[in-house]
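Enquirer: fold the following, please.
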Amino acid sequence: MPEPLDAALAQVRALLLDPALTRAVAAGRRRGRRPTVVRAELRPVTLKAGPRLQIATSDGARPYTRNVTPGPETAAAVDELLAEPFGNWHVETADATLQLRVTKSGEAQVHRAAGTARPAAAPGGNDRAKEYLLDPGDEIFAEIGGSAAKRRQVDAFLRALAATLPDELTGPLRVVDLGCGNAYLTFAAYRYLSGRGLDVELIGVDVREDQRRRNTELAQRLGWADRVSFVAGTIADAVVDPAPDLVLALHACDTATDEALARAVRWEARWVLAAPCCHHDLAKQLRAHPAPAPYELLTRQGILRERFADVLTDALRAGLLRVHGYRAEVVEFVDSQHTPRNLLIRARRTGTAATGPQRAEYRELVDQWRVTPRLETLLAVDEPPAA
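Expert: Numbers count the residues shown, from 1 in each chain. The predicted model follows:
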């Protein structure tokens, strides 16, 4: 339920001045107002001179960090930040976690949860344990599962997401996760993005109705049902309106990844993150024809042919995205010791028309290997892309 903003900010102030504070982030903006900085992060540090509250702010171009002394100086610095028209606050202490979002009507939507203490920092405050973008003690892991492997995968995904979106992004941000399954990365994405102070609306799509019901119930338990929703349908046909800014397709099997990429292109989504899984389509096509000389050795052995099909499929996907106005990279998603399906296609829309040599480079590779990528069929690559 919405709450009066002043009363909610008073609660934020009490937590910021609490000795048990572990971290706080302020970001985003309120309707019709803009803060003087795009983001502020607060955390306690221990220096040679004693304990301090470190405040790191960014104006979108460069960061600024200062360390303030506990007492009146800290209270004044906190009050100064609370006076800024930030749209979101995320505050963590050893005992509690509070998320505050300022609604369009100027009220506060507040989510509270019990806190989980972080591991103590090493003396001096510099030799710290590895920091995760989403705290391993976050309440969300109690809902989506909190094994060490899952936390590593979530962190790897969030780092790829953070590297894709610009630092100065303030939202609103509309996200769709195509083929979301049990949606644990969907929920992690929302938790992280909203923690950055962004006004996020996220839709998960999965073909199974039982998954939609399960994920919807989880969104309700987390208090996010007004911002995170789910629909049942295929990647190709599910109704998503209006078009998203960011498209996720994580471990969609075989040509389902192509369907997700095709929808992203048609939507002219600004950003795309796709982690392919399985590459049966091109592997089958490679079996149907002898390899062009002098590459017979690449496909003679079955296991090598399958691995080459993986590489060829994703290379052609990246090439097609470039043809359709995207800058695409293929990067490592998670370390290969955790999963062999560890590649991520990361794309950003530039809107730049493909050059003749770029089209020719793609066409020559396809013709040489006598394959027809599913994504090419879906996008009709020989047609000029939309302006």
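Enquirer: for the chain, what's the longest helix?
Expert: In the chain, taking DSSP state H as the definition, the longest helix is helix 302-323.
Enquirer: contacts only, for L169.
Expert: L169 makes contacts with L198, as judged by C-beta atoms under 8 Å, 6 or more residues apart in numbering. Placement of C-beta: from N, CA and C, glycine included.
Enquirer: relative to L321, how far out is it?
Expert: 21 Å (C-beta to C-beta, to the nearest Å).
Enquirer: cool, P242 as well?
Expert: The value you get for P242 to L321, if C-beta to C-beta is used, is 22 Å.
Enquirer: walk me through the domains of this structure.
Expert: 2-114, 140-379 (automatic domain parsing).
Enquirer: would you format those as TSV with distance to E131 and mean pLDDT included?
Expert: Below are the domains of the chain laid out as TSV (distance: least, C-beta to C-beta, whole Å; pLDDT from 0 to 100):
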stretch	distance to E131	mean pLDDT
domain 2-114	10	88
domain 140-379	9	91
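Enquirer: can you say which of the ones you listed is packed in most?
Expert: Across these, averaging neighbours per residue (mean count of other C-beta atoms under 10 Å) puts domain 140-379 on top, at a mean of 18.
Enquirer: how far does it stretch from start to finish?
Expert: 38 Å (C-alpha to C-alpha, to the nearest Å).
Enquirer: if we can go back for a sec, want to try CSV for the domains of the chain, with distance to L133 as columns?
Expert: As requested, the domains of the chain are arranged in CSV below (distance: least, C-beta to C-beta, whole Å):
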stretch, distance to L133
domain 2-114, 11
domain 140-379, 4
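Enquirer: what packs against the helix or strand where F230 lies?
Expert: Here F230, judged by DSSP states H and E, is contained in strand 228-232. Contact here means 3 or more C-beta pairs under 8 Å, 6 or more residues apart in numbering; DSSP states H and E; on that basis strand 228-232 packs against helix 184-195, strand 200-206, helix 209-221.
Enquirer: quick check: angle from it to helix 209-221?
Expert: For strand 228-232 and helix 209-221, the angle between their directions (axes from the mean of the first three to the mean of the last three C-alpha atoms, to 10 degrees) works out to 170 degrees.
Enquirer: and strand 228-232 with helix 184-195, angle?
Expert: 150 degrees.
Enquirer: now for whichever helix or strand comes after strand 228-232, which elements pack on it?
Expert: Sequence order places strand 246-253 as the next helix or strand after strand 228-232, per DSSP H and E. Packed against strand 246-253, as judged by 3+ C-beta pairs under 8 Å, 6+ apart, are the following elements: strand 173-178, helix 184-195, helix 255-267, strand 271-277.
Enquirer: what about Y184, distance to A149?
Expert: With C-beta to C-beta as the criterion, Y184 and A149 are 12 Å apart.
Enquirer: the nearest residue to R214 once chain neighbours are set aside in helix, strand or coil?
Expert: Excluding its sequence neighbours, the residue lying closest to R214 (C-beta to C-beta, 6 or more residues apart in numbering) is N182, at 7.2 Å. Three-state secondary structure (criterion: DSSP: H, G, I helix; E, B strand; the rest coil) places N182 in coil.
Enquirer: ok, R66 next?
Expert: Recorded secondary structure, R66: strand (three-state DSSP).
Enquirer: now the closest residue to it other than its chain neighbours, which residues is it bridged with?
Expert: Excluding its sequence neighbours, the residue lying closest to R66 (C-beta to C-beta, 6+ apart) is I55, at 5.5 Å. Beta-bridge pairing for I55 (DSSP bridges): L42, R66.
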